[in-house]
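>>> build me a structure from this.
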Amino acid sequence: MLAFGGGGAMSKSRLLIGEVSKQTGVPIRTIRFYEEAGLLSPSGRRPSGYRVYTDQDVERLRFIQQAKRFGLTLKEIRGIMRQSRRGLQPCCDHVRQLFRRKIGEFEEKIAELTATRNRLKERLRQWVSPTAVKRRSYAVCPQIESAKTPNTKRRVDR
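Presented below is the predicted three-dimensional model:
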């Protein structure tokens, strides 16, 4: 388990942000953003005022990038890191439940995207001919405005 607290057995290299960026492939602006978001805290500053990072900071950044590849949000990643700092095993039940929830979210999103793709395909099949467009006036785009939409109750704002 990678502990996200201070200290530890990892070496204490004193890296500048550019070196960390090169090692991880994470842009400097993103590293600074992660600091502002509370996901990363540089271990200190050089007398010149430059932030310095350790090997553990590099590992944290790699963890964040990998977690993002699994579709986790920064808030979710922060929660896992918080559990790790408390000494809890984040790779067990919490992350398993998180992954299950994410799978459900992705399945819903896939269904929404599939429905949208199908609407687009149908719209292409029913494309309005240029001659039909001239017969009627449209506010913006006849290809969108002439589409048949299912009857749905619309809420009236007052």
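>>> okay, now the residue nearest to Val26 when sequence neighbours are not counted: neighbour count?
Once flanking residues are discounted, Val26 sits nearest to Leu61: 5.2 Å by CB to CB, 6 or more residues apart in numbering. Heads up, the C-betas are built off the backbone N, CA and C, glycines and all. Residues near Leu61, counting by other CB atoms under 10 Å, number 22.
>>> and Ala37, what does it touch?
By CB atoms under 8 Å, 6 or more residues apart in numbering, Ala37 lies in contact with Leu74, Arg78.
>>> swap the cut-off to 7 Å and go again
The contact partners of Ala37, taken as CB atoms under 7 Å, 6 or more residues apart in numbering, are Leu74.
>>> and for the one 5 residues further on?
Shown here is Pro42, whose contacts under the criterion CB under 7 Å, 6+ apart are Glu35, Arg51, Val52, Tyr53, Asp57.
>>> one step back: surely the residue nearest to Val26 meets Gly25?
No - under the criterion of CB atoms under 7 Å, Leu61 makes no contact with Gly25, lying 9.0 Å away.
>>> on that earlier part again, next up, phi/psi of the residue nearest to Val26, please.
phi -60, psi -40 (degrees, to the nearest 10).
>>> so where do the strands sit in this structure?
44-45, 51-52 (DSSP state E).
>>> so which of these comes closest to Gly18?
Closest approach to Gly18 among the strands of the chain is made by strand 51-52 (10.5 Å; CB to CB).
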